[in-house]
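Asks: build me a model:
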Amino acid sequence: MNGTNGVKAKGIVVFSGGSAANNLVDVFKAVQNHKKCPLSYVIPISDNGGSSSELIRVFGGPGIGDVRSRLVRLIPDDPDHDDSEKAAIKVFFNHRLPKDRHAAKKEWLSIVEAEHPLWSNISSAKKELIRSFLNHVNMEILKRLRPSSTFDFSSASIGNLFLTGARLFSGSFESAIYLLSSICSVPPSISVLPAITTNFTHHIAAGLSNGLQITGQNAISHPISQPSPLLPLSNLDGNPYSSTATSDTEEQETEKHDKIEDANLPGSLPSLRRPQILFSKSSSSSSDLPARISRIWYINPYGQEIRPPANPKVISALNSAQAVIYSIGSLYTSIVPSLILKGVGEALADPKIRFKILILNSTNDRETGPRETPFTAVDFVGAVAKAAVYSQSTSASMGAGEKEVRKEEWKSYVTHLIHLTGPQTPVVDKEELSTLGIECIKVYGRRADGENWVRYDEKALVQALEVLMGGRPPKMERSRRNTLEG
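Replies: Below is the predicted model:
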C-alpha cells in the first residue's frame with residue numbers, strides 16, 4: 001500500500017497467537033486502513049495440542065492451527081453485499097468434527113465425498129479445488145495406516161486438514177498458506193507469516209524459576225488431565241536445562257511409543273508424543289504452575305535446545321515497519337516463541353521502528369501466575385525484552401539466555417504499553433515504567449458478559465493506537481466517558 005505522497009508506507013507488524021488476538025483483528029484492520037500501510041501477522045508454529053497434535057504425530061510438520069485460525073478470521077465481511085459463499089467458506093474451514101471417534105470419521109467421509117451440507121453455498125469450482133486437497137490428505141492418511149497407528153479424526157479441524165493436504169501436495173508450508181489465503185480472499189495488503197517457515201515440527205520447553213522444566217506447548221499452557229511430567233533441571237553437559245536422567249517408567253514409555261509407527265523419531269521424548277487432542281483452554285481447567293516461568297526455548301525431539309532462525313519474511317517485515325504491536329494472548333506460548341528466534345531481537349531493537357506497543361492482557365493466566373505472585377505490567381515488559389535479547393545471543397547453550405537484561409534496555413523493545421483497569425487486570429506501575437522510558441496509555445474496557453473481568457472496547461483501542469501513532473486527535477463522544485487516558 002502507498003501513502004498519500006505515493007511512497008510505499010512502512011508497515012505494521014503484529015505478534016500474536018490465534019484465538020485471543022482474533023478478537024482484535026478488526027482493530028488492527030481499522031488502524032491499517034487509516035495509516036494506508038501493509039499489515040503483517042507473525043504467528044508461532046509450536047502448538048502441539050488439539051487436532052494439530054494428531055497431524056503432527058502422523059505427518060510431522062509445524063503446528064498450523066493458529067495460522068489457519070487467523071487466515072479464516074481475515075475473510076472480509078462486506079455489509080453492503082450478501083456474500084453467502086464467503087460466509088460458507090468461513091464456516092467450512094472453522095468446522096470441527098465430533099469428539100466421538102467413529103462419528104468423526106463418518107462425518108469426514110461425507111465431507112470428502114461432497115455429501116455434507118457444509119458444501120452448500122460454495123461454488124462448484126472452489127468446492128472441487130478444496131476437495132482435491134482433502135482427498136489428498138485422506139489418501140496420505142490411508143497410506144500411513146498401520147496396525148499400531150490409525151489416524152484419530154476426533155475434534156479435527158477441517159481447515160487444518162486442508163492446510164496439511166496442501167502442504168504435503170506442494171511440499172511447501174508457504175504455498176499452502178498462499179492457497180488458503182487466496183480461497184479466503186484475504187486482502188493482498190495483509191500477510192499471515194509463520195514465525196518459522198518449515199516442513200518440520202518445532203517444539204518449545206519452559207524453564208521455571210524453581211528449576212523445573214516442562215516440555216511441549218500444550219503442557220505449558222493447557223495441560224490435559226495427565227500432563228507431561230515436570231523434569232528436574234541439571235547442569236550436565238554444560239547445559240543448565242538439559243536432563244539426561246531418565247526413570248525406568250520413562251524408559252518403558254519410550255519403548256512403548258517406539259513400537260508405534262508414526263512420524264515421531266525413535267527414542268524421542270514421550271511427552272511430545274502423547275495424544276493431546278482433547279483439552280480445555282478455560283482458565284478454570286488449568287492448575288497453577290508450581291513457579292513462575294523463567295524462560296522459553298526451542299527443543300529438538302530429544303529435548304536438546306536448538307536455535308532456529310526466524311522466517312526471512314518476518315525479518316523483512318520488521319525491517320520495513322513503522323510500528324510493532326505485541327497483541328493480547330498467552331505471553332509465553334503465543335508471543336515469546338516468535339521473539340526468541342534468531343534475527344528477531346536485532347530487528348526489533350532498530351530505532352527506525354518508532355512504536356513498539358505492548359497491549360497488556362486483561363487478566364493473568366496459567367503462564368503469568370501463580371496466583372500468589374501474578375505478573376505485573378513490568379513483568380510482561382521484562383519478559384518481552386528478555387526474549388528479544390536472547391534472540392541475539394551467539395551462544396548455543398542457555399547460559400546466555402539466563403543473563404539479566406538491564407531495565408535500561410527495555411525501551412529498545414517496548415516503547416508504549418496500552419492497558420485496562422478493572423477487576424483482575426495486571427497491576428501497572430506507571431511511574432516505574434515512565435522512568436524506563438515506556439509510556440503507559442489506559443483505555444476503558446467493557447465488562448464481559450457474566451464474568452468478573454473486563455475486555456478491550458474495539459473503538460477505544462483503535463482510538464488509542466491512532467492517537468499514539470500520530471494519526472489524529474482523540475474524538476470524544478458526549479454519551480460516554482473518555483475512552484483514552486495518557
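Asks: C-alpha from now on. contacts and neighbour counts both.
Replies: Will do.
Asks: which residues of the stretch 51-200 of the chain score low on pLDDT?
Replies: Within the stretch 51-200 of the chain, the ranges that satisfy pLDDT under 70 run 79-82.
Asks: try 80 this time
Replies: 78-82 (pLDDT under 80).
Asks: how about the helices in it?
Replies: Secondary structure of the stretch 51-200 of the chain, counting by DSSP state H, counting those that start in this stretch: helices at 51-59, 65-73, 84-94, 101-112, 124-143, 158-170, 173-183.
Asks: which of those sits closest to Lys29?
Replies: The stretch from these with the least distance to Lys29 (Cα to Cα) is helix 65-73; that distance is 11.7 Å.
Asks: from Gly422, how far off is Leu134?
Replies: 46 Å (Cα to Cα, to the nearest Å).
Asks: same thing with Ile335?
Replies: 24 Å.
Asks: and what of Phe200?
Replies: Taking Cα to Cα, one finds Phe200 at 42 Å from Gly422.
Asks: same question, Asn218
Replies: 29 Å.
Asks: got it, and Gly303?
Replies: 41 Å.
Asks: between those two, who's got more neighbours?
Replies: Higher neighbour count among Gly303 and Gly422: Gly303, with 21 against 17, using other Cα atoms under 10 Å.
Asks: before we move on, back to that, need the helices of the stretch 51-200 of the chain in a markdown table (columns: mean neighbour count and distance to Tyr390).
Replies: Output for those, formatted as a markdown table (neighbours: other Cα atoms under 10 Å; distance: least, Cα to Cα, whole Å):
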| stretch | mean neighbour count | distance to Tyr390 |
| --- | --- | --- |
| helix 51-59 | 23 | 27 |
| helix 65-73 | 24 | 24 |
| helix 84-94 | 18 | 36 |
| helix 101-112 | 16 | 43 |
| helix 124-143 | 16 | 38 |
| helix 158-170 | 23 | 31 |
| helix 173-183 | 19 | 27 |
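Asks: ok, which of these comes nearest Pro351?
Replies: Per Cα to Cα, nearest to Pro351 of the helices of the stretch 51-200 of the chain: helix 65-73, 28.9 Å.
Asks: got the angle for the closest one vs helix 173-183?
Replies: Orientation note: helix 65-73 sits at an angle of 20 degrees relative to helix 173-183 (axes from the mean of the first three to the mean of the last three Cα atoms, to 10 degrees).
Asks: tell me which other helices or strands helix 65-73 touches.
Replies: helix 19-22, helix 84-94, helix 158-170, strand 190-194 (3 or more Cα pairs under 8 Å, 6 or more residues apart in numbering; DSSP states H and E).
Asks: need the contact partners of the second one.
Replies: Contact with helix 84-94 is made by 69, 72-73, 75-76, 118-123, 157-160, 184, as judged by Cα atoms under 8 Å, 6 or more residues apart in numbering.
Asks: out of those residues, who's nearest Leu208?
Replies: For these, the nearest to Leu208 is Ser69 (29.6 Å; Cα to Cα).
Asks: for that closest one, give its distance to Tyr41.
Replies: 12 Å.
Asks: for the nearest residue to Leu24 once chain neighbours are set aside, what are its contacts?
Replies: Computed as Cα to Cα, 6 or more residues apart in numbering, the closest residue to Leu24 that is not its neighbour in sequence is Glu458, at 7.2 Å. Contacts for Glu458 (Cα under 8 Å, 6+ apart) come out as Leu24, Asp26, Val27.
Asks: ok, for the last one, nearest residue in space, not its chain neighbours?
Replies: In space, and not counting its chain neighbours, Val27 is closest to Val462: 5.6 Å by Cα to Cα, 6+ apart.
Asks: check which helix or strand covers the one you found.
Replies: Per DSSP states H and E, Val462 falls inside helix 458-468.
Asks: so what's the residue count around the closest residue to Leu74 other than its chain neighbours?
Replies: Spatially, and ignoring its direct neighbours in sequence, Leu74 is nearest to Val186 (5.9 Å; Cα to Cα, 6+ apart). The tally of other residues near Val186 (other Cα under 10 Å) stands at 19.
Asks: walk me through the domains of this protein.
Replies: 14-37+329-485, 75-185 (automatic domain parsing).
Asks: tell me which of these sits nearest to Pro308.
Replies: Evaluated with Cα to Cα, these place domain 14-37+329-485 nearest to Pro308, the distance being 6.0 Å.
Asks: will you turn the domains of the chain into TSV that also has distance to Lys8?
Replies: Output for the domains of the chain, formatted as TSV (distance: least, Cα to Cα, whole Å):
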stretch	distance to Lys8
domain 14-37+329-485	8
domain 75-185	23
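Asks: got phi/psi on the closest residue to Ala321 other than its chain neighbours?
Replies: Nearest residue to Ala321 in three dimensions, chain neighbours excluded: Gly11, at 4.5 Å (Cα to Cα, 6+ apart). Per-residue torsions, Gly11: phi -90, psi 180 (degrees, to the nearest 10).
Asks: next up, the contacts around Gly11.
Replies: Cys37, Pro38, Leu39, Ser40, Ala317, Ser320, Ala321, Gln322, Ala323.
Asks: just put the residues you listed in a markdown table and tack on distance to Trp297.
Replies: Shown next, in a markdown table, are those (distance: Cα to Cα, whole Å):
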| residue | distance to Trp297 |
| --- | --- |
| Cys37 | 33 |
| Pro38 | 30 |
| Leu39 | 27 |
| Ser40 | 24 |
| Ala317 | 23 |
| Ser320 | 27 |
| Ala321 | 26 |
| Gln322 | 28 |
| Ala323 | 26 |
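Asks: how about Arg446, secondary structure?
Replies: strand (DSSP: H, G, I helix; E, B strand; the rest coil).
Asks: now it, which residues is it bridged with?
Replies: Arg455 (DSSP bridges).
Asks: for it, give me its contacts.
Replies: Arg446 touches Val454, Arg455, Tyr456, Asp457, counting by Cα under 8 Å, 6+ apart.
Asks: could you do Glu367 as well?
Replies: Taking Cα under 8 Å, 6+ apart, one finds Ile220, Ser221, Leu289, Arg292, Ile293, Ser330, Leu331, Tyr332 in contact with Glu367.
Asks: quickly note the distance from the second one to Ser46.
Replies: The reference is to Ser221. 12 Å.
Asks: who's more crowded, the two?
Replies: Higher neighbour count among Ser221 and Ser46: Ser46, with 27 against 23, using other Cα under 10 Å.
Asks: and the pLDDT for that one?
Replies: Predicted confidence (pLDDT) for Ser46: 96.
Asks: surely it and Phe200 touch.
Replies: No: applying Cα atoms under 8 Å, one finds Ser46 not in contact with Phe200, separated by 10.4 Å.
Asks: so what's in contact with the two at the same time?
Replies: Pro62.
Asks: mind listing the strands for the stretch 351-486 of the chain?
Replies: Along the stretch 351-486 of the chain, counting by DSSP state E, counting those that start in this stretch, strands occupy 355-359, 416-419, 439-443, 445-447, 454-456, 484-485.
Asks: so which of the ones you listed comes closest to Asn264?
Replies: Among those, strand 355-359 sits nearest to Asn264 (Cα to Cα), with 37.0 Å.
Asks: residue contacts, the nearest residue to Glu255 once chain neighbours are set aside?
Replies: Among residues not flanking Glu255 along the chain, Gly267 sits closest, at 7.4 Å (Cα to Cα, 6+ apart). Neighbouring residues of Gly267 by Cα under 8 Å, 6+ apart: Thr254, Glu255, Asp258, Tyr302.
Asks: could you identify the most distant pair in the residues you listed?
Replies: With Cα to Cα as the measure, no two of the contacts of Gly267 lie farther apart than Glu255 and Tyr302, at 13.9 Å.
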